[in-house]
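Novice: mind looking at a prediction? Sequence and model below.
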Amino acid sequence: MQSYVQIENAGMTFNTKKGKFTALTGIDLHIDQGQFVALIGHSGCGKSTLLNLVAGLLDATDGVLLLANKEIKGPGPERGVVFQNHSLLPWLTAFENVYLAVEKVFGGSESKKQMKARTAAVLELVGLTHAAGKLPGEISGGMKQRVGIARALAMEPKVLLLDEPFGALDALTRAHLQDELMKIVAATQSTVIMVTHDVDEAVLLSDRIVMMTNGPSATIGEVLSIDLPRPRDRLQLAHDPKYHELRSQVLEFLYSRQMRPKEAA
Amino acid sequence: MVSAVFHSPLEASAPPAPGGERSREENATPLIAATPVNTGATGLKSLKNETATPAVRRPWDASFIWQRILPPLLGMGLLALVWELVSRGTGASIPSPQDTLAQAAVIFSDPFYSKGPNDQGIGWNILSSLKRVAVGFGLAAAVGIPAGFLIGRFTFLSRMFNPLISLLRPVSPLAWLPIGLLVFKGADPAAIWTIFICSIWPMIINTAVGVQRVPQDYMNVARVLNLSEWKIVTKILFPAVLPYVLTGVRLAIGVAWLVIVAAEMLTGGVGIGFWVWDEWNNLNVAHIIIAIFVVGIVGLLLEQMLMLIAKRFSYE
């Protein structure tokens, strides 16, 4: 079967003031439709760069990226991005932030009423119906991140790209949103690529964990399949030896084979 | 099918605030019924209110008097004291505060009389100065803000105009007046021209800086959503830049009001600046002092008005 997202020998070199800086090199990755892939690695290993390549926010300097056999050139609504810092527009309410995306994707084909219903539905999906009329400054960090997820989901993307979506949240909120995300992804059958630095999060959520070597010139070190049955429950997994085995494999890679770089923040 | 899942205990910490501004809030149902309402959201609201009306929330006590009311009164008192001393030291060639106050009462008892072009009430003088400022400043805003947007958005234009702005901005207002007189052949247009050229720079510069400082995150959102240039301008650039524009406007109106007095002294006619000069020729020092206060108070009011507008558009 043909892979849905294909990354062939992709590389990224930035022109900086100090000369060329190769962030990524020789990335080969194939992702099937409906698969949940986590990118994990130390700070500065280029995992966000890789995500931005798929998102189209950056253009690869080497290699090719394909989505459903079409080359990725620039961002597009078929790839929904959830940013690390939610990136909501502070002068628009939660509803209006999501509606902006809905309007862009469905403005040509649907009436205003349909688009409003669509926006309301996706806010309900992330449990924010009651906060629809609030400005981002009036809601908590977890709720903002959920609006960000709602905005990405509202576009009905083929691929959902998450850049450390829960990194800035406290542990309890994070666990809660991880559970929500698992259920949303199960319901929508989305293909997901998620950047994370949290080993537990990666094992809990993904079908495959892509472990990156340290930068500069980072590449894929190892790919680990997570064949834990779904739906997964974090409490049951806590007693599952398989879970701990997988978890320690990731830890082993990160802390034994890829020593933490000195300059890492 | 998924919606049942999202009952979050965390969410209950920030339930809808009572009496929220948006009507949609009223449909809100707290997810956990027993949770006592409002810690997060109201906390945030009250924080906002605190800066605006501190007196409402604080229980009345004597400390308010000596912390908030006494210091400004002391400041005014100090001014009056120094003024009085100077007045006595100069043998009353500078009139004392009481004399000036008495004069002011006379002037303001009939502010809108008109006895020919050179003798009009203080009200007419203030209004005609304000009119010149409004026209000159309005033209400057109409040209300066769009120009600032373009200069901020396009690096080429920014490189093209930055040397010009750096060169022309430091020029003294009055140096522009002769050019205005020469080109427009009239006192009134020349004064307006001077205001225009002096108040345009803060608006151009602040708007341009604001556009350049729109957070990259917002522009990434625009790219990911593939927004049209029109949507980018109306939904992202304009709201993001508005606080900067308003700062520019505030600086510009300060400059305009500073410039008008000087310009009118030179061009004559009706206006607060001309009035000061006229009273100097009459050696009516009390009127000059009154004019100084009037200029100060009108400037203060203009500034406060714009501060109120700016507060409305801040999203922090």
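Specialist: Nice, I can see it. Numbers count the residues shown, from 1 in each chain, chains lettered A, B, ... in the order given.

Novice: not counting sequence-adjacent ones, nearest residue to A:Leu58?
Specialist: Nearest-residue entry for A:Leu58: A:Asn52, 4.4 Å, with adjacent residues in sequence omitted and distances by Cβ to Cβ, 6 or more residues apart in numbering or on different chains. For every residue, glycine as well, the C-beta is placed using N, CA and C.

Novice: tell me which element the one you found is part of?
Specialist: helix A:47-55 (DSSP states H and E).

Novice: same for that helix, what does it pack against?
Specialist: Other helices and strands packing on helix A:47-55, by 3 or more Cβ pairs under 8 Å, 6 or more residues apart in numbering or on different chains; DSSP states H and E, are strand A:5-16, strand A:19-31, strand A:36-40, strand A:62-67, strand A:79-82, strand A:159-163, strand A:191-196.

Novice: show me what counts as buried in the fifth one.
Specialist: By that I understand strand A:79-82. Neighbour-count burial for strand A:79-82, counted by 16 or more other Cβ atoms under 10 Å in any protein chain shown, picks out A:79-82.

Novice: distance between stretch B:271-279 and the chain's centre?
Specialist: On the basis of Cα atoms, centre = their mean, to the nearest Å, stretch B:271-279 sits 24 Å off its chain's mean C-alpha point.

Novice: give the rounded mean pLDDT of it.
Specialist: Mean per-residue pLDDT for stretch B:271-279: 88.

Novice: pull out the buried positions in the helix ranked longest in chain B.
Specialist: Ranked by residue count and defined by DSSP state H, the top helix of chain B is helix B:122-153. Within helix B:122-153, the residues that qualify as buried are B:122, B:124-130, B:132-133, B:135-137, B:139-141, B:144-145, B:147-153, counting by 16+ other Cβ under 10 Å.

Novice: could you do stretch B:152-160 as well?
Specialist: B:152-153, B:158.

Novice: which residues of the stretch 1-150 of chain A lie near chain B?
Specialist: By Cβ under 8 Å from any Cβ of the partner chain, the part of the stretch 1-150 of chain A that sits against chain B consists of A:55-57, A:74-77, A:79-81, A:83, A:85, A:87, A:89-93, A:95, A:100-101, A:104, A:124-127, A:129-135, A:137-140, A:142-143.

Novice: what subset of these is buried?
Specialist: Among those, those buried by neighbour count (16+ other Cβ under 10 Å) are A:55-57, A:75-77, A:79-81, A:83, A:85, A:87, A:89-93, A:95, A:100-101, A:104, A:124-127, A:129-135, A:138-140, A:142-143.

Novice: what about the chain, any weak spots by pLDDT?
Specialist: Since you didn't name a chain, this refers to chain A. A:1-2, A:259-265 (pLDDT under 70).

Novice: to clarify, I was referring to chain B.
Specialist: In the predicted model, chain B carries pLDDT under 70 at residues B:1-60, B:118, B:315-316.

Novice: quick one, helices of it?
Specialist: Secondary structure of chain B, counting by DSSP H: helices at B:40-52, B:54-57, B:63-64, B:70-89, B:97-109, B:122-153, B:155-168, B:177-184, B:187-212, B:216-225, B:229-231, B:238-267, B:272-281, B:285-312.

Novice: how about TSV for the buried residues of stretch B:152-160, with distance to B:Thr194 added?
Specialist: Below are the buried residues of stretch B:152-160 laid out as TSV (distance: Cβ to Cβ, whole Å):
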residue	distance to B:Thr194
B:Gly152	26
B:Arg153	29
B:Ser158	26
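
Novice: please save the CA atoms from stretch A:243-263 in PDB.
Specialist: As requested, the backbone C-alpha atoms of stretch A:243-263 are provided in PDB (Å, rounded to 0.1, in the frame of the first residue of the first chain):
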ATOM      1  CA  TYR A 243       4.300  -0.400  28.200                       C
ATOM      2  CA  HIS A 244       7.300  -0.100  30.500                       C
ATOM      3  CA  GLU A 245       9.400  -2.100  28.100                       C
ATOM      4  CA  LEU A 246       8.600   0.300  25.300                       C
ATOM      5  CA  ARG A 247       9.100   3.300  27.500                       C
ATOM      6  CA  SER A 248      12.500   2.200  28.600                       C
ATOM      7  CA  GLN A 249      13.500   1.600  25.000                       C
ATOM      8  CA  VAL A 250      12.800   5.200  24.200                       C
ATOM      9  CA  LEU A 251      14.600   6.400  27.400                       C
ATOM     10  CA  GLU A 252      17.500   4.100  26.500                       C
ATOM     11  CA  PHE A 253      17.800   5.800  23.100                       C
ATOM     12  CA  LEU A 254      17.500   9.300  24.400                       C
ATOM     13  CA  TYR A 255      19.800   9.100  27.400                       C
ATOM     14  CA  SER A 256      22.200   6.300  26.600                       C
ATOM     15  CA  ARG A 257      22.800   6.500  22.900                       C
ATOM     16  CA  GLN A 258      22.000  10.200  22.300                       C
ATOM     17  CA  MET A 259      23.600  11.900  25.300                       C
ATOM     18  CA  ARG A 260      22.000  15.200  26.100                       C
ATOM     19  CA  PRO A 261      23.800  17.900  24.200                       C
ATOM     20  CA  LYS A 262      25.600  20.400  26.400                       C
ATOM     21  CA  GLU A 263      23.900  23.500  25.000                       C
END
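
Novice: please identify the buried residues of it?
Specialist: For stretch A:243-263, burial by neighbour count (16+ other Cβ under 10 Å) applies to A:243, A:246-247, A:249-250, A:253-254, A:258.

Novice: walk me through the domains of chain B.
Specialist: When chain B is parsed into structural domains using automatic domain parsing, the resulting residue ranges are B:10-57, B:107-312.

Novice: to A:Gly44, which of the ones you listed lies closest?
Specialist: Taking Cβ to Cβ as the measure, the domains of chain B were each checked against A:Gly44, and domain B:107-312 came out nearest at 18.6 Å.
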